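Chemist: Fold the stuff below for me.
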Amino acid sequence: MQPAVLNASTRPAFSVWRGTVSGASASLVGIGLARFAYTPLLPAIIDAHWFAASTAAYLGAANLGGYLAGALLGGYLAKRASTTYVLRAMMLLATVAFVACAFPLSFLWFFVWRFASGLSGGALMVLAAPTILAHVPPARRGLVSGAIFAGIGLGIAASGTIVPLLLREGVKETWLGLGVIALLLTISAWNGWPKQDTPAHHSQTHHAHATHAKQSRFTLRALYAGYALNAVGLVPHMLFLVDFVSRGLGKGLDTGAQYWVLFGLGAIAGPLLSGHLADRTGFGPALRVGFAIQIVAVLLPLISAEPTALIASSVLMGAAVPGIVPLALGRVNELLAHHPSMQKGAWSTATTGFAILQASAAYGLSFLFTRSGSNYRMLFAIGATSIALALGIDLLTALRGQMRQQTQQQTQQQTRH
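Modeler: Numbering: from 1, shown residues only. Here you go, the predicted model:
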């Protein structure tokens, strides 16, 4: 007769494949759908007279505020309960939020549930991928993290495909449809999470840990700064791409929407390609390549308004929006490879900085755009400059690390002699 409870030695091993599916489902529900599905829903909500245009804009901001709160609270919640329980709860919260938004009882009701959906997204961003990657061999972490964050790209693509189809049935039915999709994804992810938060690690000496931590601290801070600056560079495309093509270039809304579809297609492939690159080159070099590609993508609309340039810009930047995330996370884990207990906290810090600058840039660039008389070129110039600063910081930090390493090697050689 089979025992009722399995002990540690007989417990089934963690399935990387199932864990990857769970992580991708979490990013699709918490970020891909909870954030990006609201963009095509916004005009429909206004047309259905659920809320006025000015009020609906504040409801969009509620999700960003909730995302910041979730990024800050995710680690705290995981310390108070099993990470698996927190992940399941956050996916359920996002599902319930979709259903609740189908009933616009009041502005406060809708605001609270949009905030809740953002909170779930922030917590899932901080916890899901690090929980899975802690159980993945280092050689496969790039591809696995890319597959996990491909869920964000799928959400962007869904915002331009599935949501318009659901809207044919009505705004209420669209919210309920998104709730059903989120519930199915939550069920598919339910048993794919690791049974234990972190696998056992072989520790090194305290002296080695202290030395490595001191060397990594400066590099980590530089990474936080670069990742946050990168968030500013993403905003011009995320907020103004369709408007730039349709109104700025006078090509009409239908053409603008086509470029958003290209943006979404790039977003699906971006994390997988960046993860594959990281497995081959390491996360540090791959991150620098990512920064360089983004600079080109943001500069292209400044150089040319030809369809070829705009297509390349849309696809490349679409790939970068979710593609930069696994590179930053992998770089955090690389720098703290000897301190696995610190990885989630560091990733939470990076995600928080990213969320703050992205929200600030969204409001700041919108303000500048209005005050400048709809100057699109200024927006792309600011975005390119911000990413160039991120790349500069990363290159200087890498150079500083090489110089320190050479100095240490010279010191060790002199000591031996």
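
Chemist: For residue 102, which non-adjacent residue is spatially closest?
Modeler: residue 175 (3.7 Å; C-beta to C-beta, 6 or more residues apart in numbering). Yep, even glycine has a C-beta here, placed from its N, CA and C like the rest.

Chemist: ok, that neighbour to residue 341 distance?
Modeler: In this view, residue 175 and residue 341 are 40 Å apart by C-beta to C-beta, to the nearest Å.

Chemist: quick one: which of these two has more around it?
Modeler: The neighbour comparison of residue 175 against residue 341 (other C-beta atoms under 10 Å) goes to residue 175, with 22 against 10.

Chemist: contacting residues around that one?
Modeler: Under the criterion of C-beta atoms under 8 Å, 6 or more residues apart in numbering, the neighbours of residue 175 are 41, 98, 99, 101, 102.

Chemist: What of residue 155?
Modeler: The contact partners of residue 155, by C-beta under 8 Å, 6+ apart, come to 27, 28, 31, 32, 33, 35, 36, 37.

Chemist: Isn't the fourth one up against residue 149?
Modeler: No: Residue 32 is not in contact with residue 149 according to C-beta atoms under 8 Å; the separation is 9.5 Å.

Chemist: So which of these two has more stuff around it?
Modeler: Neighbours per residue (other C-beta under 10 Å) separate residue 32 from residue 149, with residue 149 holding more: 33 against 28.

Chemist: tell me the SS of the more buried one?
Modeler: For residue 149, the assignment made with DSSP: H, G, I helix; E, B strand; the rest coil gives helix.

Chemist: And the helices in the protein, which stretches?
Modeler: Secondary structure of the chain (DSSP state H): helices at 16-27, 38-47, 53-80, 83-100, 107-133, 141-160, 162-167, 171-189, 206-243, 253-281, 283-303, 307-335, 343-371, 376-416.

Chemist: mind exporting the first one as CSV, just the C-alpha atoms?
Modeler: Provided in CSV are the C-alpha atoms of helix 16-27 (Å, rounded to 0.1, in the frame of the first residue of the first chain):
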residue,chain,number,x,y,z
VAL,A,16,11.9,22.4,-15.4
TRP,A,17,9.4,22.2,-18.3
ARG,A,18,6.3,22.5,-16.1
GLY,A,19,8.0,25.2,-14.0
THR,A,20,8.7,27.2,-17.2
VAL,A,21,5.0,26.9,-18.2
SER,A,22,4.0,28.1,-14.8
GLY,A,23,6.3,31.1,-15.0
ALA,A,24,5.2,32.0,-18.5
SER,A,25,1.5,31.7,-17.4
ALA,A,26,2.3,34.0,-14.4
SER,A,27,3.9,36.7,-16.6
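
Chemist: hmm, who's touching that helix?
Modeler: Residues from elsewhere that reach helix 16-27, judged by C-beta under 8 Å, 6+ apart: 87, 90-91, 124-125, 128-129, 131-132, 135-136, 140, 144, 147-152, 154-155, 185-186, 188-194, 322.

Chemist: And those residues, which of them are buried?
Modeler: For the contacts of helix 16-27, a burial check counting by 16 or more other C-beta atoms under 10 Å picks out 87, 90-91, 124-125, 128-129, 131-132, 135-136, 144, 147-152, 154-155, 185-186, 189, 192-194, 322.

Chemist: on that earlier part again, export the helices of the chain as a markdown table, with columns for mean pLDDT.
Modeler: Shown next, in a markdown table, are the helices of the chain (pLDDT from 0 to 100):
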| stretch | mean pLDDT |
| --- | --- |
| helix 16-27 | 90 |
| helix 38-47 | 78 |
| helix 53-80 | 81 |
| helix 83-100 | 94 |
| helix 107-133 | 91 |
| helix 141-160 | 85 |
| helix 162-167 | 85 |
| helix 171-189 | 93 |
| helix 206-243 | 78 |
| helix 253-281 | 86 |
| helix 283-303 | 93 |
| helix 307-335 | 91 |
| helix 343-371 | 85 |
| helix 376-416 | 82 |
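
Chemist: mind giving me the domain ranges of this protein?
Modeler: 15-197, 209-412 (automatic domain parsing).

Chemist: So what touches stretch 75-87?
Modeler: By C-beta under 8 Å, 6+ apart, the residues outside stretch 75-87 that reach it are 22, 26, 74, 123-124, 126-128, 131, 189, 193-195, 197, 344-345, 348.
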